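In: Structure, please.
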Amino acid sequence: MNRLLAVVVTVCLSSEMHATSLMNIGPLAKVKSVTVEEVIVGEALARNGIQARQLFDNAPSDLPKFREKLKGHLEKQLAAAGIHVVPQSGTSVMVAVYGGKYQDTVDAPNFFLVEISVIADGDCGPQPWVTKLGIATDKDLAQTLEEVITEEVGAFLEQRAQYLATLPKHER
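Out: Numbering: from 1, shown residues only. Below you'll find the predicted structure:
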């Protein structure tokens, strides 16, 4: 009788572990607190030796507003998902945006590359968890970037919620 009970318990435990081990839990699944780093807007991209104009070049005053608004939005989004947002944490979320445009007209498209990284103590620097490419006009640039970034962080948070739902309540 004891052997049968041991086999049943082992099978149940390994089945549960197998089910969650195949799950893509994302970079925020086990995070309890996080710091949102300053949003980085990097140098303009170059293509075939031609240097692009910097993102937000036509409206430089929009850049600090964009950074501040996005950081605040990310902090609220993470907090709403149950992650404590603190000034100093062993884990941080970093957003970097690169891009530019190759024409001087206002209506010319901005090409952008967004990298979102979750960095924990002991990591060897930021390793992007997701990289997105896109295009936006000057008029829509800040809004488009914010939508892309919050959508991707939202996907991380959805993965986290699915993972936490597999845990017993006392482990969440």
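
In: in this protein, which spans are strands?
Out: Assigned by DSSP state E, the chain shows strands spanning 33-36, 40-44, 46-47, 50-51, 84-85, 91-100, 110-120, 128-136.

In: Contacts for the fifth one next, please.
Out: Read that as strand 84-85. 32, 33, 34, 35, 36, 75, 78, 79 (CB atoms under 8 Å, 6 or more residues apart in numbering). Yep, even glycine has a C-beta here, placed from its N, CA and C like the rest.

In: partners of the fifth one in the sheet?
Out: Applying DSSP bridges to residue 36 gives these bridge partners: residue 93.

In: Residue 63: which of the strands of the chain is closest?
Out: Residue 63 lies closest to strand 40-44 among those, at 6.2 Å (CB to CB).

In: Return the closest of the contacts of strand 84-85 with respect to residue 152.
Out: residue 78 (12.7 Å).

In: okay, now the residue lying closest to the closest one once chain neighbours are set aside: neighbour count?
Out: What sits nearest to residue 78 in space, not counting adjacent residues and going by CB to CB, 6 or more residues apart in numbering, is residue 85, at 5.4 Å. Number of residues near residue 85 (other CB atoms under 10 Å) recorded here: 16.

In: From residue 71, how far out is residue 85?
Out: Relative to residue 71, residue 85 is positioned 10 Å away (CB to CB, to the nearest Å).

In: likewise residue 98?
Out: Residue 98 sits at a distance of 18 Å from residue 71 (criterion: CB to CB).

In: got a markdown table for the contacts of strand 84-85, with neighbour count, distance to residue 45 and pLDDT too?
Out: A markdown table is the format used below for those (neighbours: other CB atoms under 10 Å; distance: CB to CB, whole Å; pLDDT from 0 to 100):
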| residue | neighbour count | distance to residue 45 | pLDDT |
| --- | --- | --- | --- |
| 32 | 11 | 36 | 92 |
| 33 | 13 | 34 | 94 |
| 34 | 23 | 29 | 94 |
| 35 | 17 | 28 | 95 |
| 36 | 23 | 25 | 96 |
| 75 | 17 | 28 | 97 |
| 78 | 23 | 29 | 97 |
| 79 | 12 | 33 | 97 |
